[in-house]
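Asker: I'll drop the sequence and a predicted model, then ask my questions.
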Amino acid sequence: MLNGPVLAVFLIVCAYLLGTFPTAQLVARASGRNVMQEGSGNPGASNVGRLVGWKAGAIVLFGDFAKGAIAAGVGLAVGGRPYAFAFGIAAVLGHMFPVTRKFHGGKGVATTGGMLMVLFPPLAVAFVLVWILIAKIGHLASIASLAIAVSFPIFVAILGYPMWEVGVLSALAVLVIVRHLPNLRRLSAGTELRSNESSGGDE
C-alpha cells in the first residue's frame with residue numbers, strides 16, 4: 001500500500017504528466033502533418049486517422065489508451081482502487097488539459113477507456129465492443145463515445161459498485177460530454193464529418 005501524502009501527490013503529478021504525452025502530435029508529425037492545425041485540430045485518434053490513415057490512428061488510439069491503463073494500473077498496485085481512480089483521472093486530465101501545450105489537449109475518451117479497462121475489465125471489454133459497433137454502423141466516433149460516457153456509470157451502479165465510484169464516473173462522463181460540445185453543435189448543424197471522410201469533428 002502507498003504510504004505518505006507527499007508520495008501520493010508526487011505519483012498523481014507523474015500520472016498527469018504521463019497523460020500529457022503528445023501521442024497524436026508525434027505520430028502525425030512522423031508523416032509530415034500537424035494534427036493541431038489540420039482537420040478538426042483535435043489531437044486524437046480520429047483526426048490522425050483521417051489525416052494520415054487508419055494505421056496511424058490505431059497507434060494513437062493504443063498510445064492514449066495505454067496512458068490511462070498504466071496510470072490506473074500503478075495506482076491499483078500501490079494503493080488500491082481509490083488510487084487507481086486518482087491516478088487514472090490525473091492521466092485523463094493531463095490528456096485533456098496538458099500544461100505542456102497551453103491546456104489544448106484531446107477529448108479523453110481513449111485515456112478514460114484505458115483507466116476503465118483496469119478498474120472494470122469485463123464491463124470495459126463489453127463497452128469497447130459496443131463502441132466499435134456504434135462507430136462502425138454510423139461512422140461517427142463522437143456519437144459512440146458519448147453513448148458510452150452516459151451509459152457506463154449507469155451500468156456500474158446497476159452492478160452494485162460503491163456509490164462513490166458511480167459518482168466519480170458520472171463526473172468524468174460530464175467532463176467528456178463537455179469536451180464533445182463542438183461535436184454536438186456540428187451534429188445539430190449537420191456538418192459533423194464521419195470517420196470515413198477526410199476532415200472534420202472527431203472523438
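Answerer: Structure's in. What do you need?

Asker: from here on, just use CA atoms for contacts and neighbour counts.
Answerer: Fine.

Asker: and residue 168, how many residues sit next to it?
Answerer: Other residues within reach of residue 168, judged by other C-alpha atoms under 10 Å, total 15.

Asker: flag every buried residue along the host helix or strand of it.
Answerer: With the criterion set as DSSP states H and E, the secondary-structure element containing residue 168 is helix 163-179. If you call a residue buried by 16 or more other C-alpha atoms under 10 Å, then helix 163-179 has these buried ones: 165-166, 169-170, 172-173, 175-177, 179.

Asker: just want the angle from the helix or strand just after it to helix 163-179.
Answerer: Next along the chain after helix 163-179, taking DSSP H and E as the criterion, comes helix 181-189. Helix 181-189 and helix 163-179 meet at an angle of 60 degrees, taking axes from the mean of the first three to the mean of the last three C-alpha atoms, to 10 degrees as the criterion.

Asker: just how off-centre is helix 181-189 within its chain?
Answerer: Its chain's C-alpha centre and that of helix 181-189 lie 19 Å apart, by C-alpha atoms, centre = their mean, to the nearest Å.

Asker: as a whole number, average confidence for it?
Answerer: For helix 181-189, the mean pLDDT works out to 81.

Asker: can you dump the C-alpha atoms of it in CSV for me?
Answerer: What follows is the C-alpha trace of helix 181-189 in CSV, where atoms were taken according to Å, rounded to 0.1, in the frame of the first residue of the first chain:
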residue,chain,number,x,y,z
LEU,A,181,-19.9,20.1,-27.2
PRO,A,182,-18.3,21.2,-30.5
ASN,A,183,-19.2,17.8,-31.9
LEU,A,184,-22.8,18.2,-30.7
ARG,A,185,-23.0,21.6,-32.3
ARG,A,186,-21.7,20.2,-35.6
LEU,A,187,-24.2,17.3,-35.4
SER,A,188,-27.0,19.7,-34.9
ALA,A,189,-25.9,21.7,-37.9
